[in-house]
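Novice: got a sequence here, can you model it:
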Amino acid sequence: MKVAFSEVAPDYTNYVFPYHVWGFLEEGEEVGSAYAQGFLPAAYDLSRFYLTRSVRVDLHQFEETGRTRYVRRRCASIGHALVPRAAFEVSPEWRELAEKYYATQEISVEYRRSRFFEMLDSPWCTHVMAYTEDDRPAGLVPLFVRDRIVQYGIPVYDPSLRSISIGYHMMAAALGSLRSAGFGHVYLGSCYTAGDLYKTRFTGFQFFNGYQWSASRDELHFFVDRRPEVTGQHFLGSAPYLDAHCDGEPGRLAGRADVTRLLPYTERKER
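Specialist: Next comes the predicted model:
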């Protein structure tokens, strides 16, 4: 990949000068290389990616937990199918499902609704996972499927099914089906708030911490829960983070970072 550093608003008072890392695939490079290096698409045509605190599930390690089985039993009447986007008709019933879902939301409703339909109708959406109950729409999520990896998009579901944890079931059922189909990783977006932590409740969970994929929920909770403590500085310049996760010294990261992720993807595959 080629990268560019897009400057964002600096905090001169605390001497913090941040950059947003953008990535661009080189000719012949697989999309999976961007995901593997912690990037997610910044454009639905995959022309640009951004480096973020990405969350994924390694399907080689994914197994049902007691909670997953409990929710699956509660949602036993709901079936699901992976359908190519070109073969899926967004009927009035499916659109009504989405409208009902967003009618129950309270935060950034119109923005989130617009993003869902843009994602569903974009080149990024190669498949959907469609969930039905008695042949009626129950849930829908757009998916990007390529290079043995999947990105799970923005889900919508029947609000009346929220009491049986339909949202959790949709993600768990998709993970199980995709594991059985032989996929390697499912990317679940980013995680910056407490409301995003539901993405971590699966075996095989990993997140990109800036220099490697980490399976430490404690480390992720540090980023999410203790953000106010490090306002005005970088986490790698924060003593609490360094003491808890870097042996107190940022220089030690040189021995822990996955330096192969900086190599061209073809070279990493050869290794």
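Novice: residues near Asn209, how many?
Specialist: The local packing of Asn209 (other CB atoms under 10 Å) involves 22 other residues. (Glycine included, C-beta is placed from N, CA and C.)
Novice: what are the phi and psi values at the closest residue to Thr52 other than its chain neighbours?
Specialist: Closest residue to Thr52 apart from its sequence neighbours, by CB to CB, 6 or more residues apart in numbering: Ser190 at 4.6 Å. Taking degrees, to the nearest 10, you get phi -110, psi 170 for the backbone angles of Ser190.
Novice: what of Tyr101?
Specialist: Per-residue torsions, Tyr101: phi -60, psi -50 (degrees, to the nearest 10).
Novice: can you check the one 5 residues further on too?
Specialist: Geometry field for Glu106 lists phi and psi as phi -120, psi -20, criterion degrees, to the nearest 10.
Novice: ok, it to Arg112 distance?
Specialist: Plainly put, Glu106 is 10 Å away from Arg112 if you go by CB to CB, to the nearest Å.
Novice: just Arg53 next, same as before
Specialist: The gap separating Arg53 from Arg112 is 20 Å, by CB to CB.
Novice: ok, these two, which is more surrounded?
Specialist: For Arg53 versus Arg112, neighbours defined as other CB under 10 Å are more numerous around Arg53 (18 against 14).
Novice: wait, the more buried one sits on Trp213?
Specialist: No: if you go by CB atoms under 8 Å, Arg53 and Trp213 don't touch, sitting 11.1 Å apart.
Novice: who are the packing partners of the longest helix along the chain?
Specialist: Counting residues, the longest helix in the chain under DSSP state H turns out to be helix 166-180. Using 3 or more CB pairs under 8 Å, 6 or more residues apart in numbering; DSSP states H and E, the elements in contact with helix 166-180 are helix 66-74, strand 78-84, strand 127-133, strand 136-146, strand 149-152, strand 156-157, strand 185-190.
Novice: again, only this time at 7 Å
Specialist: Judged by 3 or more CB pairs under 7 Å, 6 or more residues apart in numbering; DSSP states H and E, the packing partners of helix 166-180 are helix 66-74, strand 78-84, strand 136-146, strand 149-152, strand 156-157.
Novice: let me have these in TSV, extended by mean neighbour count and mean pLDDT.
Specialist: Below are these laid out as TSV (neighbours: other CB atoms under 10 Å; pLDDT from 0 to 100):
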stretch	mean neighbour count	mean pLDDT
helix 66-74	14	95
strand 78-84	15	97
strand 136-146	21	97
strand 149-152	24	96
strand 156-157	24	97
